Structures are given as structure tokens and as C-alpha cells.
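Student: Sequence first, then the predicted structure:
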Amino acid sequence: MAEYFPQPAQQQIYSLNLGPQHPSTHGVLRVLLTLDGEYVLEADPIIGYGHRGHEKMGENRTYLQFMPNASRMDYLSGLLYNHGFCLAVEKLAGIDPPERAKYIRVICAELNRISSHLLWFGTFLMDLGAFTPFLYCFDDRENILDILDRVSGSRLTYSYCRFGGVSRDVDEVFVEQTRAFIKRLRSRWPDYHNLVTKNVIFIHRVRDVGIIDKDLARRFGVTGPNLRAAGVAFDMRKVEPYEVYDRFDFEIPTGTKGDALDRYRVRLEEMEQSCRIIEQALDQMPAGPYRQERVRLKVKPPRGEVYFAFESARGQTAYYLVSDGSPYPYRVHVRVPSFGNLHCLTDVLKETLVADAIAILGSIDIVVPEIDR
Amino acid sequence: MMEAAATSGAYWLRLIIGLVIVLIFSQLNALFLVWLERKVAGHIQVRLGPMEVGPHGLLQTIVDGIKLVGKELITPARADRILFVIAPVLVFTPVLVAFLVLPFGPDLIIRDMNVGLLLIFAFSTFSVLAILVGGWASNNKYALLGAIRSVAQAVAYEIPLLLSVMSVVLMVNSFRFSELVMAQQRVWFVFLQPVAALIYFICATAETNRAPFDIPEAESELVAGFHTEYSGMRFGLFFLAEYTNMFIVCAVATSLFFGGWHGPFGFSFKIPGVVWFLAKTYVLLYVLMWFRWTFPRVRFDQLMNFSWKVLIPLSMLNLVITALVLKLI
Amino acid sequence: MGYWKDIVVGGWSLIEGMKVTGRALFKPVVTVQYPRKHLEMSPAYRGHIELKIFPETGTHGCIACGTCQRVCPSGVIKVQGVKSHARSGKVATHYVIDYTRCSLCGLCVESCPTQTLKFSTEYELAGDSRWDGVVDLVARMEDSRS
């Protein structure tokens, strides 16, 4: 008879599929949770629902034709991905864009970074159950989208950068709008802090929750704000300055513990630093051509390979391109930050509550299509 | 004989009319509250909310209700069919009972029972049972988690809720709503019992599963909590019951702490009592909505901690002090 | 004393938060009632492509060279042309684009040697079938002219 009555301890354990259709898995992520009541015993993130074969697509397209794909991997920071891809190809083909183009790219990339962080801020709070900050963030983010829409022609998948420049020049209105936006964003910080940062419920929900320490981050390749929250000042913009980032004075905000509250603070501070970069870039932006005259739409890099790492909104992102001398890349590989960031959850989610699991999932800021790509 | 029949007839007529009025009022009120919630949410989030159906979208919720009635009632496979069907009824019926004793005005109490206050709290516990039954019968893990959370939350919150109410009852020496309200003709109890009023209001938020204590239906965690599997009007009943429950706890708060049908400090400004009562109730309802659209959700264990470590000791202390002061005076 | 301080500080932080949302309640709304009011798209907006009409010739300038066809990442453009007697070289008779698969990257517009392509700022696009997305831009241009 004994086999009909399993051990009580065994009986309590059950598994729960969090996703792929769930309000707070940010896309199509499935986390297989093994639960004891509300306690998470094991968590296993399962990816691949959004696989579109971007890397393979890259092999069948010319370098320029891959540009729209680049912004569709991480749709929240599409311009950063365009930018990185552009820089990788330029490094491979030995193209040097004019100064003005570099500044335009940096300004737009940082604007995109702010918009990505703002969206993260909103969705993170939504995961914690507060709906209103989400709408406030969208209000602010809408301004960035309008600004970028005016210069690039698109609101989400920008495809703005070109090899040797950008697709369209910016004008005085853009500069004014950007300055106005930064002023507006800074005037909004007190509201955000009063509404969220100081809120006692929020602090209790995120403090000491989901600690990703240095060691864990190193093991899983966690980068970006998640790593900086653990106290490692690692930012590709500082470590290997690309474009014109070495000309700006900005800081790398770091946390101490690596809990969700630190990640929140780091991202908020990063938005402020991005504002600083944009302001300096606007001041320093020279006049001149916005793209090289001679760069044609079809680039033919020499044989060789390039690995180019840059800082996207979620961490260290890198393109590995192999060229066989034809207009088509031989191999396109993308190192996406969310992959490492997500998979450290197998360790982090252990022995937390379901509510915490959602908060942690929100706090690491994953974009699932970027992982699946 | 004839007379007795007449009284009995009048009695039944009165009861039926009362029932019909309660039914219509509670439904319309709930629909109005849903609209109000969406409007408040909209404007807090710097948008407009419903605008299309009727003036400022006033008829939107009625249209939504009609849509819900027309929807298919899906019973999930391997659900406990009987309990699954009973749960929405179970959640809505006790809500109606509370209307029998609410003191809308000096002459507007359907049954002024001597245990009116107890009746409301006794029946409000039914909603927890309904949530448990619904969550259990759904054969869904999210629903079950929501049901478990709801029960644990109710256990933690009923105690400070009743303790805070007791301190008012001690002052009036009655559970009868009319006497509780009459005692506040000059000074509202919120000025004499601010701690009790605050604790009552916090517990009422938890009691009605409203944010920041909406953990049984925590949308971002449990999809929709206990009513994940409900569709059509069965879901609609849960939804309406939530809003009617909100109205009831706010109405009780009005009559216990905010003077019921009385104006402030005995001035009624020639406004009928029922208007005062409803106005105060709606202000409290608005505060509940304000809470919801401002705060993040608390975590399950934090809620328990808050209840057992802060609310229960404080309400106990408040009760003891009230008793002492009453004894000494 | 930490116990009482936590309660007071925590409670005050909640009131601060309510102040923010309370103020927002009376702020003007930022949304637009969409079907009743329309927003103008920015001139740079990349909608679907259209053939430009040049005033000097009164028609489009497409020479059916096929550059856009080759540069398109999704391969959604098909151009057909005939030898023109009026102009030296070819002239497009059909310019078919499957808009349902277009990713709006704008490479065709950039690559066009005669600059006869432009973006429309139209953003309300809907159809009954997926064939509604397949349009012949030459025919469309003729329609819009008449």
C-alpha cells in the first residue's frame, strides 16, 4: 500500500509554468518553477519561443540589409544595436565616418538608452503591481520617440545608422527638442522618487531581493546594469571607449549588494548619466557632413573577422562578423547580454517567493526576442 | 383575521420592494463604481479613460456588462463543476445581505437590527469562502495560489478589523447602526478614534482585496488570481461583488467613523442625510481607488508581518486605552 | 524607537506618493482621442513607399533599374519596365510591392538613382486579405492623379 501514499513532502511539491503566456514574462519566456507552496525550489528559464534566425538571415543578406534585423533583436534599444552593428562593419571595412555623424549617433543612442530604461522602469513597477508609473514613463518616453521619429523616420525599429554616417542629418529643432526633453526628464525625477523610490512598499519589495553578487555575475556572464549593481564598474563605454565616448565626462554608477534595489538605482542613475552625455555631445557637436560621400550602399569588406563589443541598454553586446570578401557576411554572431542575465536566474530564484520571482524577473530587464533572436 | 393578513401582506410587500431596490441599487452602484474607477485611473495616469459610450463613457460599464452576459461560460476541464458554478453566487449573495442593515439615512434602514454591525462582518467573511471555493474548483494552479493567499490574508485581517470596530462599539455600547450613527451627531468618531479609523480603513482595503493588498488576484504574479478560469457573467459577478464589497466597507466606515448621515459637527446645511452618507462613502471609495493607482503591491509575508506586528498590537492597544478612558470618565 | 519611526516614515512616504498621483489627477491629459483626433506624422516618417511625381515631366521617374529590388532585405519589390520611346532608356510599367512583408527600413528610397521614391506619412493601413497589401505603385500613382 505504501506506494499509493507518497511522502507528504513530495506531495507538496508541484511545478508551475510561468509563461509563455503570462503578464510579466516580457514576451515569450517560460520559466518552469518547482514550487513548495509559494516557495520556489527550482527555476528553469526556457527560451526559444521567439526564435527567428536572425544570425542565419545575416548570412544571406548584404551587410546593409542586415541593418533592419539588428534593430529587431532588441526592439527596445534598436538604435543601440544598429549603432553597434554599424561600428562593427566600419571596423571590418575600415570606414571612418565624419565627426558630426559620430556625435549624432551617440546622442541618438543615448536617447534610445534612456527610452529603454524608462520602459524598464515602467514595466518593473508594473510587475510589482503599481500601474501608474508605467504610464508616466510612457509619457516621457513618447517625447524620445517623437524626437527620434523626426530624425530617423521610425519610432521603434530605427535603422538609422549607415556605414559611414547616418541616414539623415539633424537640425536645430532636434537640438532644441533634445535639450527640452532633458530638462523635462530632470524635472520629473522628484516625482518618480516620491512616487516610487521612497515608497516604503516598494523598498520592502526590492531590498535584499534577488541578489546577484560579483561571483555569480562572473559565472553566468552577467553584464550591464545588473553587473554594475553588484559593484563592478564595467561598462564598455569606459572599458573600451568606442565612437566618441572617451570625450565625455560621465560616471559609471555602481551598487553595492546587487539586489533589485541596487539594480533599480543603477538604472535610474544611468539615465541621468546619459543625459549628461547627451548634453556634452550637443555642446561639442561639430558642423559638417553627416555621412561620407563615397560610402555606397553595398560594402565589400576585405577578408577577415571582427569582434566588436558595445554597451547596449542591457549590457555588453557584441557582434562577431566574418567576411570572406564578398558583400555577404560569412558569419554573423551576436552576443546578447540578456542571455547571461536571464540564466543566472536558475541560481537567483531559488528559495524565493513567487512574488519575489516576478520582481526579480522584472528587475533584471530582459528582452526575450534578443535572447531567442 | 383580515388585519393580520393585511399586515402580513404589507410586510411581504415591503420586503420585496426592499429587495428589488437593494438589487437595483447594488448593481447600478457597482457599475457606476467600475466606471468611476476607470475614470480615476485614467486621470491619475494623465489620460481620459472611457469616453465613447454615453457622456464621458458613463454607459461604458453597462455595455461591458451586456457583453459579459452574452459571453460563453467556460468551465475548465476537470474542474469541480458544482463548486465552480456555486462560487460566483456565493460571493455575491452575502454582499446583498449587508445592504439590509446599512444606515443610509435616519429613515432609510431596511432592517435596523440590534446586531447589524456583527451581521455585516459575519457575512463579509463569506466572500473569502467564495474565493477559496472558486480558486479550488477551477483546477488551476494560479487560481489555487490566489485562493490560498486570500484565506491567509483574511485570517490576518479580520482580527484588527474587528478590534478597531470594537473600540467604537465600546463607546456606544451597541451594535445597532442607528445608535452608532446617532452617537456621532456632534463629533465624528474619526476625531475621537483616529487610530481605529486608520486601522479599519487599512484592513478594509485588505478585506476587499484592493491594491496594495490585492495579492489574491495579483495580476502580474498570478495572471488573475482566483478568477483566472472564470469567464462571462461568472467573472462579472466576482467583479461586481468586489465593487459592492468596496461600497459596503466604505459605508460601514462612514457610519462608524465619519458620522453616517450627519453633517460635520452637527451642521447639516439642510442637505438630506442620505446625501451626506453617500457623499462621504464615495469620498472614501475615491481614496481606495487612489490607493490602488498609487502603490505597488505588498508581498505576501510582508502583509502578514504588517498585520501581526503593527496592526494587531496597535488596535489592541487602542482598544485597551479606549476601555480605560471610558472606565475612568 | 525604530518601530515607531518605521511606521511614521513609511506612512509619510505613502502620502508623498499619493500627492504625486493626486496632482496628476488635475493635470491636462497627454493622450489623443485617436479616431476623433489625428496626429500629424513627422515629415521624416517612414511609411510605405510611393512614387514621386515630378512636376517637370508630370510622371514618375522610375527607370526600372532594379536597384531597389536588389537592395530590399525582404525581397518584396518587383519592378517591370519597357523601353521608352519618349525617354531614352526604360520606364517602369509595374512597380509591385508586397507591403505586408516590408520592414520599412527605407533602403529602397535611399538607393534609388533617380530619387523617384518617397515615404508616405500614412499610418492607417488595414485590409481584408493579405493581397490588399500587395500594391502596384504605378497604378496607384495613376489613380491618385485622376
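Tutor: Perfect, thanks for sending it. This is a predicted model, so every value here is computed, not measured.

Student: When you work out contacts or count neighbours from here on, use the C-alpha atoms and nothing else.
Tutor: Noted.

Student: Number of residues surrounding residue 30?
Tutor: I'll assume chain A. For residue A:30, the count of nearby residues is 21 (other Cα atoms under 10 Å in any protein chain shown).

Student: You answered for a different chain; I wanted chain C.
Tutor: For residue C:30, using other Cα under 10 Å, the count is 13.

Student: Now do the SS call for it.
Tutor: Secondary structure, DSSP: H, G, I helix; E, B strand; the rest coil: residue C:30 is coil.

Student: what sits against it?
Tutor: A:139, B:46-47 (Cα atoms under 8 Å, 6 or more residues apart in numbering or on different chains).

Student: Around chain B, which positions in chain C sit nearby?
Tutor: C:14, C:17-18, C:21-31 (Cα under 8 Å from any Cα of the partner chain).

Student: Please narrow the contacts of residue C:30 to those residing in helices.
Tutor: With helices taken from DSSP state H, the overlap with these comprises residue A:139.

Student: Now render the contacts of residue C:30 as TSV, adding distance to residue A:270, pLDDT and neighbour count.
Tutor: Shown next, in TSV, are those (distance: Cα to Cα, whole Å; pLDDT from 0 to 100; neighbours: other Cα atoms under 10 Å in any protein chain shown):
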residue	distance to residue A:270	pLDDT	neighbour count
A:139	19	87	17
B:46	26	85	23
B:47	28	85	22
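
Student: Can you list the strands that the lengthiest strand in chain C pairs with?
Tutor: In chain C, assigned by DSSP state E, the strand with the most residues is strand C:90-98. Here strand C:90-98 has these sheet partners by DSSP bridges: strand C:77-83 (antiparallel), strand C:134-136 (antiparallel).

Student: List of residues touching that strand?
Tutor: So strand C:90-98 is contacted by C:61-65, C:76-84, C:133-139 (Cα under 8 Å, 6+ apart).

Student: could you redo the last one with a cut-off of 6 Å?
Tutor: Here strand C:90-98 makes contact (Cα atoms under 6 Å, 6 or more residues apart in numbering or on different chains) with C:62-64, C:76-84, C:133-138.

Student: Give me the distance between it and the centre of its chain.
Tutor: 20 Å (Cα atoms, centre = their mean, to the nearest Å).

Student: try stretch A:73-92
Tutor: 12 Å.

Student: Is that stretch in proximity to chain C?
Tutor: No - applying Cα under 6 Å from any Cα of the partner chain, one finds stretch A:73-92 separated from chain C by no less than 11.7 Å.

Student: still on that earlier bit, so which of the residues of chain C next to chain B belong to helices?
Tutor: C:14, C:17-18, C:21-25.

Student: Residue B:144 and residue B:172: what is the separation?
Tutor: Going from residue B:144 to residue B:172 by Cα to Cα, to the nearest Å gives 41 Å.

Student: picking that back up, any chance of the residues of chain C next to chain B in a markdown table, with pLDDT too?
Tutor: Converted to a markdown table, the residues of chain C next to chain B look like this (pLDDT from 0 to 100):
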| residue | pLDDT |
| --- | --- |
| C:14 | 84 |
| C:17 | 83 |
| C:18 | 85 |
| C:21 | 85 |
| C:22 | 84 |
| C:23 | 85 |
| C:24 | 82 |
| C:25 | 83 |
| C:26 | 84 |
| C:27 | 82 |
| C:28 | 84 |
| C:29 | 83 |
| C:30 | 84 |
| C:31 | 84 |
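
Student: Quick check on these: which are buried?
Tutor: Neighbour-count burial (16 or more other Cα atoms under 10 Å in any protein chain shown) applied to the residues of chain C next to chain B gives C:14, C:17-18, C:21-22, C:24-25.

Student: All set, thanks.
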